[in-house]
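[1] Using only what follows, build the 3D model:
(one chain, ligands or ions: 2)
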Amino acid sequence: MFNVQPLSKQFESEFWSEINNKTKPLGALGQLETLAIQVLNIQSEIHGKLIKPVQINYPHLLVFAGDHGIADYGVSIAPSAVTGQMVNNFAANGAAINVFSKQLGWQLDVIDTGILQPINSISIRRQRLGCGTKPFHIEPAMSHTIMEQGFVFAKALVHEKFNEGCDLIAFGEMGIGNTSSASAIMSAIMELPAVESVGSGTGIDQATLLKKQQLIQQALDHHRIPKENVLDILATYGGFEIVQICGAMLAAAERKIPIVVDGFICTAAAMIAKLIDPNVQDYFIFAHSSGEQGHDKMLQWFDAKPLLNLDMRLGEGTGAALCLPLIQSALAFYNEMASFEQANVVNVVSDI
Ligand SMILES: O=C(O)c1ccc[n+]([C@@H]2O[C@H](COP(=O)([O-])O)[C@@H](O)[C@H]2O)c1
Ligand SMILES: Cc1cc2nc[nH]c2cc1C
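    Ligands and ions are numbered 1, 2, ... in the order given. All right, here's what the predicted structure looks like:
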């Protein structure tokens, strides 16, 4: 269903020599340099060798919301109703992601992938796969047919964004109970006990954390899915929003759009995407290290170093949103900084 091309990196050495000739000590812009190279490599796949300015013209952030059957079993501080209430808040521009998107220039879309009760608002896109998933410690969260429908929805949405000119994409999520799904996915893939993958989510107390760990361990023991059976892992533990984020990541990489990966839940979707097609990682920009325990281990699984560490654990795509100015700075220094020759500065690397 997905076919992601790896980056050819055809012009990478030319991009590096240009960056290394700019008026700075070698490597002194740190991760901004590797970020610039990654985006240049991706954009040159589409446009060939790049003429300046290289820019992000149309960044889109898609927030996928869905409800979770397991949320009825005491794993979160909030009831499932809060998912729909927050979706209304997104529609009214009142959430953190609305504020950051407006401030930073993201085009924001909110997608109902299956909250308990649909919301009648033209600002919410309907790609519903049901009225919440099944409680996954008892039975699979969804069938394969429903999961595949989620991939179809996600692919169509990303193609639409691509046709509108989207040249950077980020995903966010909203779903009470979805850290339970993400932890189960992490444990199944990394073969870790629940105590290592389960954290406090929205901020549960110690007793609730213990209960959440037990419930997820019970689910892992009940289903016992081999780590190779990645689609079974997704259908069994996933949320509707996680499925659609996973499909959207693969579809964006197929279209050679750089993807900003948000926190714990989005990274779980990214793990599945990578196991479906390993080439997808070429397109991932890891935004931040979430405050959710387990996220740093997920990032290690990708051998990834995120751009930010702000102890954020909100979701909604907020960590990803904050990276847009960093990506723009990476391209701005590439476009505009003078070379040693242009600025008459001795090249400390080649002249000493
Ligand atoms: O993105 C993260 O790293 C993150 C970490 C913890 C919680 N969240 C958000 O909190 C909600 C899930 O938390 P919980 O406790 O209900 O599983 C969901 O709406 C997520 O967006 C998000
Ligand atoms: C209020 C609230 C807002 C959120 N945004 C993302 N997850 C959330 C969870 C809660 C509880």
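
[2] Dihedrals phi and psi, the residue most central in space within the chain?
    Centroid-nearest residue in the chain: residue 261, 2.8 Å away (criterion: Cα atoms, centre = their mean). The phi and psi values for residue 261, taken as degrees, to the nearest 10, are phi -100, psi 120.

[3] which residues does it contact?
    Going by Cβ atoms under 8 Å, 6 or more residues apart in numbering, residue 261 touches 170-171, 249, 267, 270, 284-287, 320. (Glycine included, C-beta is placed from N, CA and C.)

[4] Show me what it bridges to in the sheet.
    residue 286 (DSSP bridges).

[5] For it, report the pLDDT, please.
    pLDDT recorded at residue 261 is 99.

[6] Report the separation between it and residue 171.
    Residue 261 sits 8 Å away from residue 171, going by Cβ to Cβ, to the nearest Å.

[7] Overlap of the contact sets of the two?
    Contacts common to residue 261 and residue 171, judged by Cβ under 8 Å, 6+ apart, are 249, 320.

[8] Spell out which parts of the stretch 201-350 of the chain neighbour ligand 1.
    201-202, 262-265, 290, 292, 295, 313-316 (Cβ under 6 Å from any ligand atom).

[9] near ligand 2, which of these show up?
    Near ligand 2, by the rule Cβ under 6 Å from any ligand atom, you find 202, 314-316 out of those.

[10] in stretch 134-153, what's buried?
    Residues 134-137, 140-142, 146-151, 153 are the ones in stretch 134-153 that count as buried (16 or more other Cβ atoms under 10 Å).

[11] now for the residues you listed, which pair is the farthest apart?
    137 and 153 (26.3 Å; Cβ to Cβ).

[12] Can you tell me the closest non-neighbouring residue to the residue in the stretch 101-250 of the chain that ligand 1 sits nearest to?
    Of all residues in the stretch 101-250 of the chain, residue 201 sits closest to ligand 1, at 2.3 Å by Cβ to the nearest ligand atom. Nearest non-adjacent residue to residue 201, counting by Cβ to Cβ, 6 or more residues apart in numbering: residue 179, 3.8 Å away.

[13] Just to be sure, which of the contacts of residue 261 are found in strands?
    170-171, 284-286 (DSSP state E).

[14] farthest-separated two in these?
    Farthest apart among the ones in strands among the contacts of residue 261 - using Cβ to Cβ - are 171 and 286, which lie 12.6 Å from each other.

[15] Among those two, which residue is more densely surrounded?
    More crowded of residue 171 and residue 286, by other Cβ atoms under 10 Å: residue 171, with 29 against 24.

[16] I'd like the distance from that one to residue 271, if you could.
    14 Å.
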